[in-house]
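Trainee: Quick one, what's the 3D model for this:
(chains A and B)
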Amino acid sequence: MLRYLAGRLLRAILTIFLVIAFAFFVLHLSGDPAMMILSVDAPPESIKAFREAWGLDRPLWVQFLSYIGHALQGDLGNSMRDGRPAAQLVFERVPATLAITLPAFALKLFIGIPAGIYAALHRNSWADRLTMMVSVAGFTVPSFVLALVLVLVFSVQLGWLPSAGSDKPTSVILPIVTLGIAGAAILARFTRSAMLEVLGQPYIRAASAKGLQWRKVVVDHALPNAAIPTTTIVGFMVGTLIAGAVVVESVFAWPGIGRLLVSSVSNRDLAVVQAILLLVAATMVTSNIIVDVIYGWLDPRLRRGGARGR
Amino acid sequence: MDANRAADRAHPGKVARFFEAWPPLTLIGLAWIALMVIVAFGADLLAPYSFTGLDLRARLLPPVFMGGKWTHPLGSDELGRDVLSRLIMSIRLSLLIAFFGTLIAAAFGTAMGFVAAHFRGKVEALILMLIDFQASVPFLIVALAVLAFFGNSLVLFVMLMGLNSWERYARIARGLTLSANEQGYAAAVRQLGATNVRVYGLHVLPNIASTLIVSMTITFPETILLESGLSFLGLGIQPPLTSLGNMVGYGREYLTRAPWIMLSPAAVIVLTTLSISIVGDWLRDRLDPTLR
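Mentor: Coordinates of the predicted model:
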C-alpha cells in the first residue's frame, strides 16, 4: 500500500509539473504580452522597458527555469495588470468560489445519491422513471441554459431572487441551485447503475436466500459495493470544486476563480492564468489521490493487490 | 409482471414488434437529428432572410407563439435580424464544428490507442501520461487559455474541439486492441505477412468499430456543449459568424425584454443533445451490449 501510494504521489507530481510546463510554453509562445498590455502602437522604448521589467527579453528556457525556481519557493510571479502577487490574487477569489461550489456539492450528494439508490431499489417505478428523465436532462442541458431559464423564472417573472451579482445574501441561491441540479442528476444516474449492477450479483441473492432481511441485505451488502464506482464520480466532483463554476460564475457575475480566469485570459495576464491552472491541476490531482486511498479503504481486494485498481 | 412480458414476447403483434426494435422515443430522436441534418445542409435555401441582414424598422419583434407575425416566425433581435434565419445558420455551424471535432477526436484518439497497444513499453507509458494529463485539467479551462492567447480562428477552434475527447477513444482503442492482439485473427493475419497498417486498419478496426461508434454518440453532444459553452463566454465563434452558444450568449443581454432571442437556440441545443443521447443509448443496446 505504501509503495503504491508513493508511486501514485510521484505520478501526481509529474502531472502537475507537466501542467505547469504546458501552461508556461503555450502561454509564452502564443504572443507578446507586452503588445497586449501596452497596446500595439505603444512606443518601442516602453515596450522594451516592459519586456526587461518582466524578464521577457531572456531566452524562453531561462524564463521557464526561473519560473520553476520561484514557484518552488511559493512565488508564482506578479500580475502584469496590477503588479500584485498572482498567488494572492487567486487565493482571494477562492472563498467566493467555494461559497457556491461547496453548498452545490452538498446538494449533489444529498439529492443525487439517495435518489439513485431509491430508483435502483424501485426499478421501473414512476420514481425511477422520473429520476432517469431528470438525470438525462442533467447531461443534456448546458449549465448556462439552465442558469438563464432559472433567472427568467425566478428573477424576471417572479422577482424573488436577484439575477446576478453578489451584494445580497440571496444572490448565492441561483448559482448554487444551477450547479447542484446538474450535478445531482449526473450522480443519481451513476449511483443507480452502480446499485443495479450490484443488486444483480449472486452474493445479493445468496444473502437474501439465507433469510437476511432485505433492509440488511441492502445496507450491509449492496451499498458498500455500490459505493466503489460512485466514489469515482464524487471524487471527480471534488476535483471540480475550484474550476467547475467558470460558466455559472460568468452568468451570475459571481466574483470567483472562474471570472478571474475569464478576465485574466482576455487580459493576457500570464502569471494569473498560470497560477489558476496550477491550482486547478493540484485540486484535481489531490482529489484523485484521495479517491484512490478511499478505494483501498472500501475494497480490501485493492489494498492487498496494490495498483490493480487501474 | 415478468411472466406477462415473457408471454407478450412470445406472441408479439407486428406493431409491437416494430416498436420493440424501434422505441417511439428513439424514432422521435432520429427524426429530430434528421431534421437538423437537413437544416444544416439546406441552410442557404431554408433561411428566409440573410442572417446578417438588418431591418431597423423591425426590431425586437416577438415570435408567433408570443403574439408576433409570420413575417418573422421566431421574432427578431434588437438590430432587426431574423431569429429564424440566424438559428438556421447557427445550427449549420454548430453541427459542423461538432461533427469535425468528433471526427478528429475519434481518428486521433484511436490512432494513439493503436500506437500504445502496438509498441507497449515507453511509448505506451507516454500516451498514458498524456491521458492522465488531459484528465487532470478541465478542458474548458485549457481551451479558454489557448483560444484567448492564440487568437481565434475557425480551424484552431475545430482542432481544439477535437482535442477535447481524444483520450476516451485512446483508452478504449488501447484496451480493445490489447485483447484483439491476444486473439487468433490478428496473429493469423500478421503471420500471413500483413503490414501493421493493414492489420490495424482492415482487421482490428472493424472489430472494435461498434464500441467506437457508440463513444461517438457520447462525445458528439459533449462537443456541442463545449462549443456552445465557449461561444457563450465570448471566446468561441466570433461575430459575424453565429453559433448556437453564441446566440444564447448574445440573447442573454435581452433576457428581460426579448427572451425569445435566447430561448430558441437554447431549445435547439437541448433537443439535439437529448436526441443524440437517446439514439446513442439505443445504438449501444443494439451494437454493444457489453458497454454500459
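Trainee: can we go C-alpha only for contacts and neighbour counts from here?
Mentor: OK.
Trainee: got the residues of the stretch 101-250 of chain B near chain A?
Mentor: B:129, B:132-133, B:136-138, B:141, B:144-146, B:148-150, B:221, B:225, B:229, B:232-233, B:248 (CA under 8 Å from any CA of the partner chain).
Trainee: Just the buried residues out of those residues, in ChimeraX syntax.
Mentor: Entered in ChimeraX, the line below selects the buried ones among those, by 16 or more other CA atoms under 10 Å in any protein chain shown:
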select /B:129,132,133,136,137,138,141,144,145,146,148,149,221,225,229,232,233,248
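Trainee: Cross the residues of the stretch 101-250 of chain B next to chain A against helices and list the overlap.
Mentor: B:129, B:132-133, B:136, B:141, B:144-146, B:148-150, B:221, B:225, B:229, B:232, B:248 (DSSP state H).
Trainee: Just the element for the closest residue to B:V214 other than its chain neighbours, please.
Mentor: Of all residues not flanking B:V214 in the chain, B:R284 sits nearest, at 5.8 Å (CA to CA, 6 or more residues apart in numbering or on different chains). Assigned by DSSP states H and E, B:R284 falls within helix B:260-287.
Trainee: what packs against that helix?
Mentor: helix A:126-140, helix B:24-41, helix B:83-119, helix B:205-232, helix B:244-251 (3 or more CA pairs under 8 Å, 6 or more residues apart in numbering or on different chains; DSSP states H and E).
Trainee: That one vs helix B:24-41, what angle?
Mentor: 120 degrees (axes from the mean of the first three to the mean of the last three CA atoms, to 10 degrees).
Trainee: Centroid-nearest residue for the chain?
Mentor: Since no chain was named, I'll use chain A. A:T240 (0.5 Å; CA atoms, centre = their mean).
Trainee: switch to chain B, that's the one I care about
Mentor: B:F220 (2.0 Å).
Trainee: In this structure that residue contacts B:F99, no?
Mentor: Yes: taking contacts as CA atoms under 8 Å, B:F220 lies within contact range of B:F99: 7.0 Å.
Trainee: Export the helices and strands packed on helix B:260-287 as a markdown table, with columns for mean pLDDT and distance to B:F157.
Mentor: Listed next are the helices and strands packed on helix B:260-287 as a markdown table, based on pLDDT from 0 to 100; distance: least, CA to CA, whole Å:
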| stretch | mean pLDDT | distance to B:F157 |
| --- | --- | --- |
| helix A:126-140 | 81 | 22 |
| helix B:24-41 | 86 | 19 |
| helix B:83-119 | 87 | 8 |
| helix B:205-232 | 83 | 9 |
| helix B:244-251 | 84 | 14 |
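Trainee: of the ones you listed, which approaches B:Q183 most closely?
Mentor: The minimum distance between B:Q183 and the helices and strands packed on helix B:260-287 falls on helix B:205-232, with 11.4 Å, by CA to CA.
Trainee: Can you tell me which helices and strands that closest one packs against?
Mentor: Short answer (3+ CA pairs under 8 Å, 6+ apart): helix B:205-232 packs on helix B:83-119, helix B:139-150, helix B:154-164, helix B:166-182, helix B:244-251, helix B:260-287.
Trainee: again, only this time at 7 Å
Mentor: helix B:83-119, helix B:244-251, helix B:260-287 (3 or more CA pairs under 7 Å, 6 or more residues apart in numbering or on different chains; DSSP states H and E).
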